[in-house]
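> coordinates for the following, if possible.
(one chain, ligands or ions: 1)
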Amino acid sequence: MGAKIECYLDLASYYSYITFTDLAQNREKLAANGVDIEINPVLLGGINHLSGNKPPWTNEVKAKYLKYDSRRSADRVGLFNIQGPPDLMAVSHTVSPLRALLYIKANYPEATFLAAFESLFMAFWTPPNVNLIPEENLRAVLQGATEKPGKSDSKKLFTEDEVDKIMQSRGQMKDVLLANTKKAVDLGAFGAPWIWVTNAKGEQEPFFGSDRFHHIYKFLDVPFQDIAVLAPSKL
Ligand SMILES: N[C@@H](CCC(=O)N[C@@H](CS)C(=O)NCC(=O)O)C(=O)O
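Numbers count the residues shown, from 1 in each chain. The predicted model follows:
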């Protein structure tokens, strides 16, 4: 097995979106360094349940801090317009869109799966924050999804018939979503993004969070630029 980054991500996880965006920006260079990326949809609620954890924002003190940290993290990857839905708890049970993504992953090219994932992330986290639980909302986002997410003038990802098929067939992916979620927990997950990395020597380690890429790249032994203080710039 070659070097690989396997990510376990939920649409309702803010830091999963940051991770997804960061990896999209580095995907080509990682491939050039012999590192494959695989994105696995999981239900964060299931991970929390199975691992005995709770979303950090349910703790008032953490929620206060996360206001700063989430904005800084989004700025770092260029997502300047995202914010949590006001009713995050109510819209977090993303089983239906995650199953749709799993169906797309199993039946379409990787680029289509990635563009669909990004379109759903964008809809969920960009005001006015689409609630993806009602069937008609999910259908509308898939219908509007394009090859370049956010650019309505680029080619549509799916025809109306294809959206119908995805909507009708997503129930088939029930067990796959469950298996992915359990697998993440078996790999040690207590939250998302959970990132399981295999290096060229075949060694494997887990990483938690969108802010661990310096550790991941060191473990993978790929060249990267680490955080370093520079001398003050001269005028
Ligand atoms: N420091 C991490 C935080 C990641 C994080 O808080 N993820 C949430 C979901 S969006 C979670 O599952 N947290 C579980 C925990 O903190 O125990 C990052 O920057 O990505």
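> model confidence for the nearest residue to A189 once chain neighbours are set aside, exactly?
Among residues not flanking A189 along the chain, I47 sits closest, at 5.1 Å (C-beta to C-beta, 6 or more residues apart in numbering). To be clear about C-beta, it is placed using only N, CA and C from the backbone, and glycine gets the same treatment. In this model, I47 is scored at 98, pLDDT.
> also the one 10 residues further on?
At W57, the predicted lDDT confidence score is 92.
> P85 is in contact with that one, correct?
No: in this structure, W57 is not within contact of P85 by C-beta atoms under 8 Å, at 11.8 Å.
> related to what we said a few turns ago, which SS class is the residue nearest to A189?
helix (DSSP: H, G, I helix; E, B strand; the rest coil).
> surely it touches K183?
No: with contact defined as C-beta under 8 Å, I47 does not reach K183; the gap is 10.4 Å.
> who's more crowded, those two?
I47 (22 against 16; other C-beta atoms under 10 Å).
> ok, now which ones touch the more buried one?
Y8, D10, N53, T181, A184, V185, A189, F190, G191, A192, W194 (C-beta atoms under 8 Å, 6 or more residues apart in numbering).
> try it again at 7 Å.
T181, A184, V185, A189, F190, G191, A192 (C-beta atoms under 7 Å, 6 or more residues apart in numbering).
> how near is the first one to L66?
T181 is 23 Å from L66, where distance means C-beta to C-beta, to the nearest Å.
> and these two? Which one has more around it.
With neighbours defined as other C-beta under 10 Å, T181 and L66 compare such that T181 has more, 24 against 18.
> surely the more buried one touches N40?
No: using C-beta atoms under 7 Å, T181 is not in contact with N40; the gap is 9.2 Å.
> near the ligand, which residues of this structure are found?
Applying C-beta under 6 Å from any ligand atom, we find that the chain lies next to the ligand at 13-15, 44, 53, 56, 73, 190-192, 209-211.
> how distant is the helix or strand bottoming out on mean pLDDT in the chain from the center of its chain?
When the helices and strands of the chain are scored by mean pLDDT, DSSP states H and E, helix 88-91 comes last with a mean of 94. Its chain's average C-alpha position is 17 Å from that of helix 88-91, according to C-alpha atoms, centre = their mean, to the nearest Å.
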